[in-house]
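*Asks:* please work out how this folds:
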Amino acid sequence: MKNAFFIMAFALFGLHVFLISVALIAGQAHPANILLYGKILLDVEKHIPIRLSPHETDIQGASWSPDGHFILMTIAGASTDESAAWVLMANGQQRQLISNTGYQYVWSPDSTQIAYLNWLDQGKMALHIYDLKTQQSRWLFNYQAYGSDIVWSPDGRYITLTMRQWERNRVIPDIWVINANTGTLEYEFKHATTPVWSADNRWLAMTRFAADERGIFLDQIPYVVEMTTGNATSLNSVLPSPVSPVSGYEYTMSPDGHYLTVRVVAIVPELHVLAITAADEWEYRLTLKNVRYPQWSPDGAWLKYEQYEAGETHFYIMRPDGSEKHWFGTMPYGEIGAYRPPVWSPDSRFLVNLRQGKISYLLDSATAKMTILCYCLAGNGQWKP
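*Replies:* Below you'll find the model as predicted:
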C-alpha cells in the first residue's frame, strides 16, 4: 500500500529529486506556507519546490532571517572549523558571499547583519559582523581563545560568546557580553556557559561552575542575571533537588518573558518550569521527568516537549501552568535516527516534524489533529517567519 502511494505521487508530480504529497487540513489556509528543507524551498499549498544550493556539494545548514526575506546557507569549507556562507533572497536569487573561512554564522534580530567567527594566525579567534546593505564585513575584536555559541541579545545591542581558555590544565568557559557596535567587552561572567536571553533583554540565564579553595571545579549551578543591575541569582534555592548526578543545564525563555524552563541534564533528566513574580523573583511551578527538546510557541502560550516512556518517545504540548496537555504522537525507539524535533509555525498554530524515515507531519495545536505534510529528502522543515 505504501509503495503504491509513492508510485502514484511520483506519476502525478514527475519530481526526480523528491516526492511531495500534501494532505492539508480541509479548508485551512496556512498563514505561513513556505518551508525550508535544507537546499529546498517548499510551498505547501502550491506544491512547488525550488532548489537553492549555489553548488552541487551538500550544505551544512540553512536558516531564515528573522524577517523572512533572506536565507543564510553554509557550505563545508577546507577544514572542519571552516565553512563558506551565502545569503540568498527568499526566492533563492541574488546571492551574496559572506565569507569562505568563517564558522558559526548567526543573524542579528533585525535581519540586517550576520555575526560570525574565524581563526587567525597563532591560534587567535576573531569576531566579525557582515552588513547586508553595504555587503562588507567589519572586525570587532580578536583574542587568544576559542569562541563559540554566538547569541545576539533580542535588541541587537550585544553579542554573547562562550570563550574557552586553558586554566589549571583544563578548558574553562567564560561568557563575554560584547557591544555589537564597538566590540567593547561590556560584561564578563567567569566560569560560565550556555547563555540564554529573555525577550525583553532583562534576564540572562547561564550555568556557572563552582570551585573549591584549591580552584578545582566541582559543581554546576544554574543562574539568572538581571542585566540592568548585574545581580546574579542562583536558582538552586528555587529548584527541587536533582534525583541523579547533574552533567549540565539547558534553558529556554518564553517569548513573553514570563517563564523560564531549566532542563537538568542527568541520568534521569528533569524539566522545571519557573515563572517571574510581580516582585521580580523566579518562582518554581512544576517538574516533568524524562523530558527533552522543550520549545515555546512564538506567542508563549504553549510549551512543546518530548517525554521518554516505556521505550518510546511521546510528543506533547501544554500550557505553561501544565494545563491543556495534548499528546500528538509517538516515536518508537527504532526510529530515533530518522527523527528531527518538531518546529512551531510563526503563528503558533502548527507544528511540523520529520518522523518515520522521510515523512513530515503537521500538527494543528488547536485541534490536536496530525496529518501527513510531505515526503521530503532533506532535513527538518523551517517555517518562513
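*Asks:* could you use CA atoms for every contact and neighbour count after this?
*Replies:* Noted.
*Asks:* contacts for stretch 304-313?
*Replies:* Defining contact as CA atoms under 8 Å, 6 or more residues apart in numbering, one finds that stretch 304-313 is touched by 289-297, 314-318, 330-333.
*Asks:* quick one: secondary structure of Ser323?
*Replies:* Per DSSP: H, G, I helix; E, B strand; the rest coil, the secondary structure class of Ser323 is coil.
*Asks:* for it, the count of nearby residues, please.
*Replies:* When neighbours are counted by other CA atoms under 10 Å, Ser323 registers 10.
*Asks:* again, but for Leu363
*Replies:* Neighbourhood size, Leu363 [other CA under 10 Å]: 23.
*Asks:* just to revisit the earlier point, make a PyMOL selection of the buried ones in the contacts of stretch 304-313.
*Replies:* Per 16 or more other CA atoms under 10 Å, the buried members of these correspond to this PyMOL selection:
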select buried, resi 289+290+291+292+294+295+296+297+314+315+316+317+318+330+331
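*Asks:* out of the contacts of stretch 304-313, which are inside strands?
*Replies:* Among the contacts of stretch 304-313, the members falling in strands (DSSP state E) are 289, 291-296, 314-318, 330-332.
*Asks:* show me what Ile34 bridges to in the sheet.
*Replies:* With DSSP bridges as the criterion, Ile34 is bridged to Asp43.
*Asks:* in this structure, what secondary structure element scores lowest on mean pLDDT?
*Replies:* helix 2-13 (a mean of 33; mean pLDDT, DSSP states H and E).
*Asks:* what is the helix or strand harbouring Ile150 packed up against?
*Replies:* Secondary structure from DSSP states H and E places Ile150 in strand 146-152. Applying 3 or more CA pairs under 8 Å, 6 or more residues apart in numbering; DSSP states H and E, we find strand 146-152 packed against strand 96-107, strand 113-119, strand 158-167, strand 192-197.
*Asks:* what comes into contact with the third one?
*Replies:* Defining contact as CA under 8 Å, 6+ apart, one finds that strand 158-167 is touched by 145-153, 171-180, 192-195.
*Asks:* rewinding a little: pick out the most distant pair among the ones in strands among the contacts of stretch 304-313.
*Replies:* Farthest-apart pair in those is Trp296 and Pro332; separation 24.1 Å (CA to CA).
*Asks:* hang on, the earlier thing: between the strand holding Ile150 and strand 192-197, how many degrees?
*Replies:* For strand 146-152 against strand 192-197, the angle by axes from the mean of the first three to the mean of the last three CA atoms, to 10 degrees is 20 degrees.
*Asks:* and Thr261, how many neighbours?
*Replies:* 24.
*Asks:* cool, and Trp139?
*Replies:* If you count neighbours by other CA under 10 Å, Trp139 ends up with 15.
*Asks:* do the same with Asp110
*Replies:* Asp110 has 12 neighbours, counted by other CA under 10 Å.
*Asks:* can you tell me how far it sits from Leu132?
*Replies:* 11 Å (CA to CA, to the nearest Å).
*Asks:* please apply the same query to Trp107.
*Replies:* Going from Trp107 to Leu132 by CA to CA gives 11 Å.
*Asks:* returning to that earlier point: looking at pLDDT only, which of the ones in strands among the contacts of stretch 304-313 scores worst?
*Replies:* Lowest pLDDT within the ones in strands among the contacts of stretch 304-313 is found at Pro332 (59).
*Asks:* quick one: contacts for Leu97?
*Replies:* Contacts for Leu97 (CA under 8 Å, 6+ apart) come out as 84-87.
*Asks:* mind redoing it with 10 Å?
*Replies:* Shown in contact with Leu97 (CA atoms under 10 Å, 6 or more residues apart in numbering): 72-73, 84-88, 135.
*Asks:* ditto for Pro222
*Replies:* Counted by CA under 10 Å, 6+ apart, Pro222 has contacts 192-194, 205-209, 233-236, 239, 248-251, 262-264.
*Asks:* before we move on, what SS does it have?
*Replies:* Following three-state DSSP, we place Pro222 in the strand state.
*Asks:* follow-up on the earlier one: mean pLDDT and distance to Thr277 added to the helices and strands packed on strand 146-152, as JSON lines?
*Replies:* Converted to JSON lines, the helices and strands packed on strand 146-152 look like this (pLDDT from 0 to 100; distance: least, CA to CA, whole Å):
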{"stretch": "strand 96-107", "mean pLDDT": "85", "distance to Thr277": "32"}
{"stretch": "strand 113-119", "mean pLDDT": "90", "distance to Thr277": "34"}
{"stretch": "strand 158-167", "mean pLDDT": "84", "distance to Thr277": "26"}
{"stretch": "strand 192-197", "mean pLDDT": "93", "distance to Thr277": "18"}
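*Asks:* in TSV, list those strands along with distance to Leu363.
*Replies:* As requested, these are exported to TSV (distance: least, CA to CA, whole Å):
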stretch	distance to Leu363
strand 96-107	28
strand 113-119	32
strand 158-167	34
strand 192-197	27
